[in-house]
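Asks: structural data only, the sequence is not supplied:
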């Protein structure tokens, strides 16, 4: 965006809040004007009702005066008529007298001598007789409709008449119209009187046209209470906002209506003003932006050139541009070019200042924390000070008191109420001046109406009054706080910027508070002494506890360091053994691959010979089982972690190791395995046991550089009570594993240090000196021991003792149990099980990200008559699952990218609860145990180790499906 556009946008952005604010102000003004008009409408209606009541009140008084006429009481109707005509002539009304039954006795409108005329009682007459007070009727129209009036009827007790007579004033409606005329209504406003029947009695405009007509439905429906407002239309159909007020004497409603257009006129006028102001401001902003936009780019270009020179380290001279901000930046760039040459020293100086400031702030914070933690007395007195300040009516108050100093003597403290504490922070503590002295000496209460007029106010040198910046004070009151012993502890001081605020009542109230403060301080001092004694004892206990904790922490760190060192040593030994095994493992795998590749090539050459193909396929399958056996032993050996004791079949372990070591120790070493009969299992970590045996075998090989015999043997040994065993074994049954070689052996000195960590007789780089040390630690940690027998030139014999495990106990899969997985796990190479029956209509979903493995599994299951659905990954599997009407089994790989097999099984069971599943894996990690347990709890489930035969897979699948059924 060009600069002109940005300036224009900036100007608009600056104007928008102002315009918005002005718009709000105009809207508020219009709203307040509308409210004012509505209030004026209500006031006008109330004024009209009051004016009508004043008119009617005069007529009622006239009626009462007539009812008390002596002529009427004497029954002289002619004299009474003369009196009534005189009054009626003066006030333009006529007088009517009727008896209690409505018979006309006198009517000043009729000629004299007119005989009584029978009549009836109206509702107005009945109500007047009922309440005994004058009653105003509604509008009365003549039959011609050319004149209208209303009556005021009052019961009159005259002479010996048993029933009161009815005296009435017939008043023309022009009197009601006169009540409206004094009001000068604004243009467009309309006022009227409406009687109880809803008829218009008088109207401020077009009166003759509307008198006697019913008021609008809006008015009759809304004007039902004493007063109120409504929105409706006039009799002419014009929309109005109207208000009404009930007349207290007549019950009529005074109604005033204002056209809605009049109410909206302030808002319309305000909007026009706002629009004009906004347009003018925007136009001025655009012109100013355009004018400035032509000169600013040149100045900015000069700044850019100066900045480039600054980047090259040149000295820059500020060039005036006529724009103050740009000139300021140019001067700053010029100053920066000079400052760069002094930068290093200045930065060091600033960093040092920053360090000092940081240290000062930390010190203040620390001291503030300590002080706040020891202000128990202040917290106690804060409530007293707040209460005294409130009771005195002071703008602010302060409680200055003395407290013991732990170093000796006393310190003066203060509590503030009504203002922040820092309002007193930079002023001195009150001293024994002529103004403060009487209070601090306990000479009584000081109350001054205007302290600035007191002679003592200016004698407190050096300030001659209050210090500059002090809170303004005119009214002043100070009350000493005296302990029960007579000691003056301090004083309560109060101030107010107005004079003569504090009265004798305030003085009495605060004096009581001062007495409470004295008692509180005495009690707090006793508590403080007890607290100090308790804190001293707690401090000594805390210091001793801290010393014990530090010693315990050091001990824990040493133990943790030793355990970590042992774990590192164990892993180093295992890695050393694993490296030495690598050659033999590679040799075995090459043999396996040679057998499989050779069998497949021979099958490819002669596929037409079924018998030979079957024979060669069996050879390849056996080679596969051999490879699986090698990987199982390798995974078990390579496992890391803490020891996990489990029942271990020693005979099988020695047999497997013999096969591995026969290829790894070299052709010159003969490996033998000797097992004495049926042996119970031992409780030990399988992987660690194999690692220890491999390390011992490696040491034996190194001791036989010219070849020899390595013997691995196992035998049962019983340690009885009271028998002293060389390995320090406790009584019980043990299995003794012996690794014996025919090598060079060790002399007595070497044998003495053989089990020490890092002790080795091998050349540099050939050994770590950890083998025997780790073997010793492993045997002892497993509950057994170690023994070494050796002589120079006669070989070495290393014995390991391990506790026996009951033979009848379950000895299932070792590595899986060590991982804590209570899941049925089957490995290939198990005894062959009968194949599942063919021709099944089972529907199975096979999921594996490896195409060859997936295709092989699908082909094997399809060959057994199963309907197989393939999926290349978890996402595709879920799509197949949702598209399939029925699914009996899920077969999936455990380790897959993105979502593993356990996560896939969880999602699948969300859609198909209880779905049977088989998970295939080549390696099971320890951290999968919780997820495996959850999968087993969710439905039929099995975990098979790769490679798995089709028979094992089919049989396991049938079992799971049957369990589900």
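Replies: It's in. Not measured: the values here are computed from a predicted model.
Asks: for the stretch 1-150 of the chain, what spans make up the strands?
Replies: 94-98, 104-107, 135-136, 140-141, 148-156 (DSSP state E, counting those that start in this stretch).
Asks: strand partners (parallel or antiparallel) of the helix or strand that the last one is followed by?
Replies: Right, the one you point to is strand 148-156. Next helix or strand after strand 148-156 toward the C-terminus (DSSP states H and E): strand 165-172. The strands that strand 165-172 pairs with in its sheet are strand 94-98 (antiparallel), strand 148-156 (antiparallel) (by DSSP bridges).
Asks: any chance of TSV for the strands of the stretch 1-150 of the chain, columns mean neighbour count?
Replies: For glycine as for every other residue, the C-beta is placed from the backbone atoms N, C-alpha and C. Compiled in TSV, these are given as follows (neighbours: other CB atoms under 10 Å):
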stretch	mean neighbour count
strand 94-98	22
strand 104-107	18
strand 135-136	24
strand 140-141	16
strand 148-156	22
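Asks: can you redo the ones you listed as JSON lines with mean pLDDT and distance to residue 912?
Replies: Shown next, in JSON lines, are the strands of the stretch 1-150 of the chain (pLDDT from 0 to 100; distance: least, CB to CB, whole Å):
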{"stretch": "strand 94-98", "mean pLDDT": "87", "distance to residue 912": "102"}
{"stretch": "strand 104-107", "mean pLDDT": "85", "distance to residue 912": "104"}
{"stretch": "strand 135-136", "mean pLDDT": "90", "distance to residue 912": "90"}
{"stretch": "strand 140-141", "mean pLDDT": "84", "distance to residue 912": "91"}
{"stretch": "strand 148-156", "mean pLDDT": "89", "distance to residue 912": "92"}
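Asks: nearest to residue 380, of those?
Replies: For these, proximity to residue 380 was assessed by CB to CB; strand 135-136 is nearest, at 72.8 Å.
Asks: parallel or antiparallel, list what pairs with the closest one.
Replies: By DSSP bridges, strand 135-136 pairs with strand 148-156 (antiparallel).
Asks: of the strands of the stretch 1-150 of the chain, which approaches residue 492 most closely?
Replies: strand 135-136 (68.2 Å).
Asks: just the pLDDT for residue 947.
Replies: Looking at residue 947, its pLDDT stands at 80.
Asks: thinking again about what came up before, of the strands of the stretch 1-150 of the chain, which is nearest residue 663?
Replies: Per CB to CB, nearest to residue 663 of the strands of the stretch 1-150 of the chain: strand 135-136, 131.0 Å.
Asks: so how far is the closest one off the chain centroid?
Replies: On the basis of CA atoms, centre = their mean, to the nearest Å, strand 135-136 sits 70 Å off its chain's mean C-alpha point.
Asks: stretch 744-758 now?
Replies: 66 Å.
Asks: and stretch 710-728, by the same measure?
Replies: Worked out by CA atoms, centre = their mean, stretch 710-728 lies 65 Å from the chain centre.
Asks: ditto for stretch 329-343
Replies: 47 Å.
Asks: how about it: buried residues?
Replies: 329-330, 333-334, 337 (16 or more other CB atoms under 10 Å).
Asks: check stretch 880-898 too.
Replies: Of the residues in stretch 880-898, those buried (16+ other CB under 10 Å) are 880-881, 887-896.
Asks: mean confidence score for that stretch?
Replies: For stretch 880-898, the per-residue pLDDT averages 89.
Asks: which helix in this protein has the most residues?
Replies: Longest helix in the chain by number of residues (criterion: DSSP state H): helix 504-605.
Asks: quick one: the strands in the stretch 601-750 of the chain, in order.
Replies: 646-648, 669-675, 682-684, 708-719, 732-741.
Asks: out of the ones you listed, the one nearest residue 422 is which?
Replies: That would be strand 646-648 among the strands of the stretch 601-750 of the chain, by CB to CB, at 72.0 Å.
Asks: now the strands paired with strand 165-172 in TSV, with distance to residue 319?
Replies: Output for those, formatted as TSV (distance: least, CB to CB, whole Å):
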stretch	distance to residue 319
strand 94-98	103
strand 148-156	94
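Asks: figure out which of the ones you listed is closest to residue 842.
Replies: Residue 842 lies closest, by CB to CB, to one member of those: strand 148-156, at 105.1 Å.
Asks: now what about the closest one, what contacts it?
Replies: Contact partners of strand 148-156, identified using CB atoms under 8 Å, 6 or more residues apart in numbering, comprise 56, 59-60, 63-64, 67, 72, 96-97, 124-125, 128-129, 132-142, 164-173, 176, 195, 201, 211-212, 250.
Asks: go through the buried residues of stretch 329-343 and flag which are in helices.
Replies: 329-330, 333-334, 337.
Asks: which non-adjacent residue is nearest residue 720?
Replies: Among residues not flanking residue 720 along the chain, residue 731 sits closest, at 6.0 Å (CB to CB, 6 or more residues apart in numbering).
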